[in-house]
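Asks: model the structure of this input:
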Amino acid sequence: MAKIYVASSWRNAYQPDVVRRLREAGHEVYDFRNPPHGRGGFHWADIDPAWEGWSVEEYIRGLDHPHAREGFRSDYEAMLWADVCVLVLPCGRSAHAEAGWMQGAGKPTYIYIPEKQEPELMYRLFTAVSGDLDDIIRALEQPRNEHK
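Replies: Numbering: from 1, shown residues only. As a prediction, this is how the structure comes out:
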């Protein structure tokens, strides 16, 4: 079975079900909302409750905050650990950066689109795109050399 990094958004209502379904299928899954270190997932509000009003300079400084560094380390180590990525839409910039890094690192990356989205041409870069999570789960059951 695969070690899977699920890339998505805190606002994505589908993410918990995807994690659950992948685990039920026998895969090991990194859940950024509940990372194994047990301290919960990263939130900008833990650094500053007024983070949404940050200037560019404050944003750049925030990236260097110890809490941001720890959140990055946790997710990045999970990306190194995983051998597959599932990007769950809709999501934002971080999840897309994670999925791009995973595909670029040679790790099969699947895009799961559970609801209507604006088309994105560059999703052709990824291993497969599907609106059916069962299709992705079946693809994960194939021998690794059959991922295309």
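Asks: any weak-confidence spans in the chain?
Replies: Across the chain, residues meeting the criterion (pLDDT under 70) sit at 144-148.
Asks: at 50 instead, please
Replies: 146-148 (pLDDT under 50).
Asks: show me which helix runs longest in this structure.
Replies: helix 66-81 (DSSP state H).
Asks: next, the buried residues of that one.
Replies: Using 16 or more other C-beta atoms under 10 Å as the test for burial, helix 66-81 gives Ala68, Gly71, Ser74, Asp75, Ala78, Met79. Yep, even glycine has a C-beta here, placed from its N, CA and C like the rest.
Asks: list just the nearest of these to Ser55.
Replies: Ala68 (16.2 Å; C-beta to C-beta).
Asks: check contacts around that closest one.
Replies: Counting by C-beta atoms under 8 Å, 6 or more residues apart in numbering, Ala68 makes contact with Phe42, Trp44, Ile47, Gly62.
Asks: before we move on, the earlier item: now the longest helix of the chain: how far from the chain's centre is it?
Replies: Its chain's C-alpha centre and that of helix 66-81 lie 12 Å apart, by C-alpha atoms, centre = their mean, to the nearest Å.
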